[in-house]
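1. Whatever this is, show me its structure:
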Amino acid sequence: MLLACGPALHAQVSLSTVVDLALKNSPKVKMAQADLERATATMRQTKDAYIPNLVAGSGLGYTYGFPVGSPTLFSFTSQGLLFDISQFSYLRATRAGIQASLFSLNDLRQQVEEDAALNYIQLDNDLQQQKVMTDEYGSAQKLGDIVQQRLDAGLDSKMDLTRAKLSGAQVHLKQLHLEGEIAGLRGHLALLTGLPADSIVTDTNSIPGAPAAAAFDAAYAPPAIQAAYANAASKQQQAKGDHHQLYWPQIAFAAQYSRFASFNNYQDYYGNQASVGGEKPFQFNNALVGMQMTWPLFDRVRKAKADISTADAAHATHEADMDRDLAAEGQQKLRRAIDELSARQDVATLDRELAQEQMDAITVQLTAGSGNPNAPAITPKDEQNARIAAGQKSLDLLDADYQLRQAQLDLLRATGGIEAWIRSSNPAARP
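-> Numbering: from 1, shown residues only. Just a heads-up that it's a prediction; the model follows:
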C-alpha cells in the first residue's frame, strides 16, 4: 500500500535535506572526490619509491650446443631508491596537489549547495506567488463580472469591460508562466536530489534568515582561490625537482637471487669443479647485492623539461593572482548590489503596505460609507481594483525578496560562507 501510494504523497522537505541529497548525488562532487583520491595515490606512489619492490620471474627453456642466455629456473629481484634530492620536491608537489584537490572539492560542494539552495528558495518564493496570484485572478474574475453588470445597467462602457477582461487575461498569463517555472524548478531539484519532482514541497521555516553583515567578511580566501594557489605551489615544487635532476646524483639499491638450471648443459661448458686455471665451479645458486649511482653531466632534454616546468609554475601563479583579483572585484560588485537590492526591498515593502492600507480603507468605506456626502461613492469595482493592485504589490515584494536573497547567497558563495549559512537553519524546523 505504501509503494502504491508513494507517488501521490506530497511531504515537505527542508532546505538542508535538499542540499544534503544534492551533495550525495552530484556527479561533480563525485568527480572531485575521485580527483582527491588520485592525488593521494600519487603522493603514495612518490613516497613508495624508497620502498624496495620484489619481483619473481622464471626463464625456463631448452638449449642445444653452447647455451645462450642465463639458465634461470626462477629468480627474485628487488630494487628501490636510496637517494634522490628531486624526490623531496616531488613529494612536496604531491602534497600541494592534495591540498589543491581538497580546495577544489570544497569549491564544487559549495557550487552544488548554492545551486540547490537558490532553486529551493526560488521554488518556495514561486509557491507563495502562486497563492497571491490565485487570489488576484479571483479578484480579476469578480471585476469582470461587476463591470459586465455595470455595462448592462449603462454605468460602464464597452472599453471598461475590455480593460477588465485584459486585466484577467494578464493575470492568467502570469499564472501559466509561473506554473511552468515551478515545474522547471521541481524538475531541476529532482535531478539534484533523486526525489520525485511532484513530491517536492518546500518548508519556508527551514530557510535561514538573511545573513548577518559579518557573514560576508571572509577571514580566508574562497576555496577556488585557495585551490589555484595550491596548484601553483605544486607546479613550483615540480619545477624545483626537475632542476635538481640536472646537477644531483641518484642512488638506487638493487638485489637479485637466481637459481640456475642443470639441464641446459651450462656445467659442461663452464665446469662444475675447480679447473687448473683457477676457474671457479659452476654455481646453481647466485645472488647480487649492490648500489647504482647515476650523475648527470650533460642532458639538454632534462634542461628543457625543467624550463617547461618553470614556465608552467609561473603561469599557474599568475593565473591564481588573476583569479584572486577577479574574485575581489566580484565581491565588491555584489556588496554594492546587495545595498541597492535592500533599498529596493524597502520600497517594495512600503508599496505593499500602502496598497494594503488603501484596500482596507476602500473595504471599510464600501461597508460603512465614507461619512462624507460630497465624496465620490465607493463601488465593488473599486474594491476589486484595489485588491488586484495590492496583489501586484505583494508579487513585487516577493520578487524583490528573492533577488536580494540571490545576491546574498552569491556573496556568501564568493566568500566561502554559504555552507555555514545553510547549516544555521533551526533543526526543529526540519522534517
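2. for the protein, what are the low-confidence residue spans?
-> For the chain, the stretches with pLDDT under 70 are 1-10, 65-70, 214-215, 217-220, 267, 269-281, 368-376, 425-431.
3. Mind jotting down where the strands sit in it?
-> Here the chain has its strands, by DSSP state E, at 11-13, 55-57, 72-84, 200-202, 250-260, 285-294.
4. wait, S86 sits on P249?
-> No - the criterion here is CB atoms under 8 Å, and S86 misses it with P249 at 10.6 Å. The C-beta positions use only the backbone N, C-alpha and C, and glycine is treated the same way.
5. Neighbour count: those two, which is higher?
-> S86 (19 against 12; other CB atoms under 10 Å).
6. tell me the centre residue of the protein?
-> Geometric centre of the chain, nearest residue: L108, 2.3 Å, by CA atoms, centre = their mean.
7. residue contacts, that one?
-> By CB atoms under 8 Å, 6 or more residues apart in numbering, the contact set of L108 is 26, 28-29, 31-32.
8. Could you rerun that using 6 Å?
-> The neighbourhood of L108, defined by CB atoms under 6 Å, 6 or more residues apart in numbering, consists of 28-29, 32.
9. Same check on A49?
-> If you count contacts by CB under 6 Å, 6+ apart, then A49 has L81 around it.
10. Try it again at 8 Å.
-> Counting by CB under 8 Å, 6+ apart, A49 has contacts 80-81, 84, 87.
11. Mark which of those are buried, thanks.
-> 84, 87 (16 or more other CB atoms under 10 Å).
12. Looking at the contacts of A49, which one is closest to L412?
-> Q87 (41.9 Å; CB to CB).
13. So for that closest one, what's the nearest residue that isn't a sequence neighbour?
-> Nearest residue to Q87, sequence neighbours excluded (CB to CB, 6 or more residues apart in numbering): A49, at 6.3 Å.
14. Quick check: the one you found vs T17, distance?
-> Distance of A49 to T17, given as CB to CB, to the nearest Å: 46 Å.
15. ok, E340 to A407 distance?
-> E340 is 9 Å from A407, by CB to CB.
16. Between the two, which has more neighbouring residues?
-> A direct count of neighbours by other CB under 10 Å for E340 and A407 places A407 higher, at 20 against 12.
17. isn't that one right up against A337?
-> Yes - using CB under 8 Å, A407 makes contact with A337 at a distance of 5.0 Å.
18. Distance to A96 for the contacts of A49 - can I get that in JSON lines?
-> Shown next, in JSON lines, are these (distance: CB to CB, whole Å):
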{"residue": "G80", "distance to A96": "25"}
{"residue": "L81", "distance to A96": "21"}
{"residue": "D84", "distance to A96": "19"}
{"residue": "Q87", "distance to A96": "15"}
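19. got the contact list for N53?
-> 78-80.
20. quick one on the thing from earlier: any idea which of the contacts of A49 is closest to F298?
-> D84 (18.9 Å).
21. Bridged to the closest one, which residues?
-> Q250 (DSSP bridges).
22. Spit out the contact partners of it.
-> 49, 248, 250-251.
23. same check, this time on D107
-> Per CB under 8 Å, 6+ apart, neighbours of D107: 222-224, 227.
24. can you map out the helices along this protein?
-> Ranges of helices in the chain, per DSSP state H, are 2-5, 15-25, 27-47, 85-152, 158-193, 223-244, 266-270, 300-368, 380-415, 418-422.
25. Looking at those helices, which is nearest to Q292?
-> helix 85-152 (15.6 Å).
26. Hey, what's the angle from the closest one to helix 158-193? Just curious.
-> Helix 85-152 runs at 150 degrees relative to helix 158-193, counting by axes from the mean of the first three to the mean of the last three CA atoms, to 10 degrees.
27. What angle do helix 27-47 and helix 85-152 make with each other?
-> Here helix 85-152 runs at an angle of 180 degrees relative to helix 27-47 (the same axes, to 10 degrees).
28. so how far is helix 85-152 from its chain's centroid?
-> 13 Å (CA atoms, centre = their mean, to the nearest Å).
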